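*Asks:* Sequence below, structure please.
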Amino acid sequence: MQKMSNFRWIICSLLFFATTVNYMDRQVLSLTYKDFIAPVFGWTDNDYGTITGVFSIIYAICNLFAGKLIDKLGTKKGYLWAIFIWSLGACLHAGCGLGTEWLKGLGFVAMWGMTISVWLFLACRSVLALGEAGNFPAAIKVTAEYFPKKDRAFATSIFNAGSSVGALAAPLTIPLIAKYCGWEMSFIIIGALGFVWMGFWFWLYSTPAGNPRVNAEELAYIQQDDAADDGVAVAADGQKTIPFLKCFAFRQTWALVFGRFLTDGVWWFFLFWTPGYLSDQFGYKSSDGMGMALIFTLYAIVTVVSIYLCKIPTYMVDKRGMNPYEGRMAAMLIFACFPLLALGAQPLGAMSAWFPAILIGLACAGHQAWSANVYSVVGDMFPKSTIGTLTGIAQFAAGCGSFLINKSSGWLFTFAGERGEAFTFLGFSGKPAGYMIVFSYCAVAYLVGWSIMKTLVPHYKKVEA
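*Replies:* Just a heads-up that it's a prediction; the model follows:
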């Protein structure tokens, strides 16, 4: 008998690198905002909160259509278009400085309470959001195409680890590029990586059944659930899809919506605000050795711990005999407890900045494991032809949650900083009190989300097209 090929893991590695680039592009702004960009343009935390919040809401809106577009165009073309647009948007940020000076020369200084520089960054972030909205719907669809249900959470955890690896590589590269080459070059260099990825994707990807690198044994392994569910292996492109509006008639859809809405903003908050938090609270700039070490350590914890956590659902299925949904939900309850550690970040920060870095890292590791399994729930319960659409809906909910936490955090930190000692919460005053408020929300969001998901879908039930 011919040995089974393992090309599905090559595809998974491409998803991993795409997600790595995706998150590096997002993090360029957070790592250059406080120490490089804000001093040039005079931004406040509220300005930065507006920029990150609008990015999130544009990203959310685009996700409603990105998933459907991925289903329509197919994974290969859809992914190529997505990464082209977001890489272009990333590079465009480099022109915001020149654009601001040019518009000022024409007499434009501010509009509707925001400076011209803020508007230009909002425009570039919108292009970035438009393209990045296609990444996860496409990646989840590919995972469902190339992996059986029992392996999807682990495969998803591997490509989803690209987000933490991107966040891990970013503090070691972006601040140094900004320091020695200018903040503009950090956007250009990191943004150009996406164009390189496009060449590999065009060369290597095709559906499993049509990929000459996938032999018959591997194809049978990939399609084992199709045979079990339907009696025949059905190609994803030929499967009947669920109309967009009809998706909202299912409780499973709303479970995904709440599971993402309540929790994704936590990850985005830590991704966008941690460099500024370390600078505000401890005086460590993102380009300082200590600042880079703290952020690197945080995301090293996220990367390693989240991958091991994502083995728990496989253990639940293979060793405990649970079906994939039951095993995933049991594991997700464990993951939901990790963010509770964020409650200790501010109190222990009085002793050392290493405590917040480690505790936030563990909290974010819980998020990444949670996120990987929420994604996999889509593939477990919905037809492959509708996965892009459902992932897009879930991403929309996630983006709305991210908008709320980032915009409100920016306003809260500016307000708390202005009030100073007059603003208190749990023994903290001023901006530290603002951080404690947001950390408290981050700590409990997952347990609330899990409870709602379990209430809406107490047992596994497959949605039929």
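*Asks:* Pick out the residue nearest the middle of this protein.
*Replies:* Ser163 (6.4 Å; Cα atoms, centre = their mean).
*Asks:* Contacts made by stretch 340-358 with the rest, please.
*Replies:* Residues from elsewhere that reach stretch 340-358, judged by Cβ atoms under 8 Å, 6 or more residues apart in numbering: 277-278, 281-282, 284, 290, 294-295, 297-298, 301, 359-360, 362-363, 428, 432, 435-436, 439-440, 442-444, 447. Backbone N, C-alpha and C define where each C-beta goes, glycine included.
*Asks:* Could I get the buried residue list for that stretch?
*Replies:* For stretch 340-358, burial by neighbour count (16 or more other Cβ atoms under 10 Å) applies to 340-347, 349, 353-358.
*Asks:* where do the strands sit along the stretch 1-150 of the chain?
*Replies:* 110-111, 114-115 (DSSP state E, counting those that start in this stretch).
*Asks:* in stretch 247-267, what's buried?
*Replies:* 247, 250, 252-267.
*Asks:* repeat for stretch 110-121
*Replies:* 114-121.
*Asks:* starting at the chain centroid, how far to that stretch?
*Replies:* Put simply, stretch 110-121 sits 27 Å off its chain's centre (Cα atoms, centre = their mean, to the nearest Å).
*Asks:* could you give the mean pLDDT of stretch 369-387?
*Replies:* Stretch 369-387 carries an average pLDDT of 78.
*Asks:* Can you show me the helices along the stretch 351-465 of the chain?
*Replies:* 354-381, 387-419, 431-456 (DSSP state H, counting those that start in this stretch).
*Asks:* For Ala38, which of those is the nearest?
*Replies:* Closest approach to Ala38 among the helices of the stretch 351-465 of the chain is made by helix 387-419 (12.0 Å; Cβ to Cβ).
*Asks:* by contact count, what packs against the closest one?
*Replies:* With contacts taken as 3 or more Cβ pairs under 8 Å, 6 or more residues apart in numbering; DSSP states H and E, helix 387-419 sits against helix 45-73, helix 135-146, helix 251-261, helix 264-282, helix 354-381, helix 431-456.
*Asks:* which among the buried residues of stretch 110-121 gets closest to Gly105?
*Replies:* Ile116 (10.8 Å).
*Asks:* which residues touch that closest one?
*Replies:* If you count contacts by Cβ under 8 Å, 6+ apart, then Ile116 has 99-100, 103-104, 108-110 around it.
*Asks:* same question, Arg152
*Replies:* Taking Cβ under 8 Å, 6+ apart, one finds 143-144, 376, 379-380 in contact with Arg152.
*Asks:* In CSV: those residues, plus distance to Lys34.
*Replies:* Shown next, in CSV, are the contacts of Arg152 (distance: Cβ to Cβ, whole Å):
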residue, distance to Lys34
Thr143, 36
Ala144, 40
Ser376, 36
Gly379, 39
Asp380, 41
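*Asks:* Just the buried ones out of the contacts of Ile116, please.
*Replies:* Applying 16+ other Cβ under 10 Å to the contacts of Ile116 flags 99-100, 103 as buried.
*Asks:* Include pLDDT when you put those into JSON lines, please.
*Replies:* Shown next, in JSON lines, are the buried ones among the contacts of Ile116 (pLDDT from 0 to 100):
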{"residue": "Gly99", "pLDDT": "94"}
{"residue": "Thr100", "pLDDT": "93"}
{"residue": "Leu103", "pLDDT": "91"}
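*Asks:* Mind checking the pLDDT average for the helix or strand hosting Pro171?
*Replies:* In the assignment (DSSP states H and E), Pro171 maps to helix 149-181. Averaging pLDDT along helix 149-181 gives 84.
*Asks:* mind listing what's buried in the following helix or strand past that helix?
*Replies:* Per DSSP H and E, the first helix or strand lying C-terminal to helix 149-181 is helix 183-204. Neighbour-count burial for helix 183-204 flags 183-184, 186-191, 193-194, 197-198, 201 (criterion: 16+ other Cβ under 10 Å).
*Asks:* Stretch 324-332 now?
*Replies:* 324-329, 331-332.
*Asks:* Among the residues you listed, name the ones in strands.
*Replies:* Nothing among the buried residues of stretch 324-332 maps onto strands, per DSSP state E.
*Asks:* out of the residues you listed, who's nearest Asp25?
*Replies:* Closest to Asp25, out of all of those and judged by Cβ to Cβ, is Met332, at 28.3 Å.
*Asks:* Would you confirm that the closest one contacts Trp450?
*Replies:* Yes: counting by Cβ atoms under 8 Å, Met332 does reach Trp450; the two are 5.8 Å apart.
*Asks:* helices and strands of the chain: which one has the lowest mean pLDDT?
*Replies:* helix 224-230 (a mean of 61; mean pLDDT, DSSP states H and E).
*Asks:* Give me the neighbour count for Lys76.
*Replies:* 16 (other Cβ atoms under 10 Å).
*Asks:* returning to that earlier point: quick one: least confident of the buried residues of stretch 110-121?
*Replies:* Met114 (84).
*Asks:* how far away is the residue lying closest to Phe41 once chain neighbours are set aside from Gln346?
*Replies:* Nearest non-adjacent residue to Phe41, counting by Cβ to Cβ, 6 or more residues apart in numbering: Ser117, 4.1 Å away. Using Cβ to Cβ, to the nearest Å, Ser117 is found at 31 Å from Gln346.
*Asks:* what's the answer for Ala357, then?
*Replies:* Distance of Ala357 to Gln346, given as Cβ to Cβ: 13 Å.
*Asks:* and Ala167, what is it in contact with?
*Replies:* Ala167 makes contact with 23-24, 27, 271, 295, 299, 302 under the criterion Cβ under 8 Å, 6+ apart.
*Asks:* so where is this protein shaky, pLDDT-wise?
*Replies:* 1, 226-240, 375, 378-379, 465 (pLDDT under 70).
*Asks:* Tell me which of the contacts of Ile116 fall in helices.
*Replies:* Of the contacts of Ile116, the ones assigned to helices by DSSP state H are 99-100, 103-104.
*Asks:* between those residues, which is closest to Lys34?
*Replies:* Of the ones in helices among the contacts of Ile116, the one sitting nearest to Lys34 (Cβ to Cβ) turns out to be Thr100, at 18.5 Å.
*Asks:* Just put the strands of the stretch 1-150 of the chain in TSV and tack on distance to Pro243.
*Replies:* TSV is the format used below for the strands of the stretch 1-150 of the chain (distance: least, Cβ to Cβ, whole Å):
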stretch	distance to Pro243
strand 110-111	40
strand 114-115	39
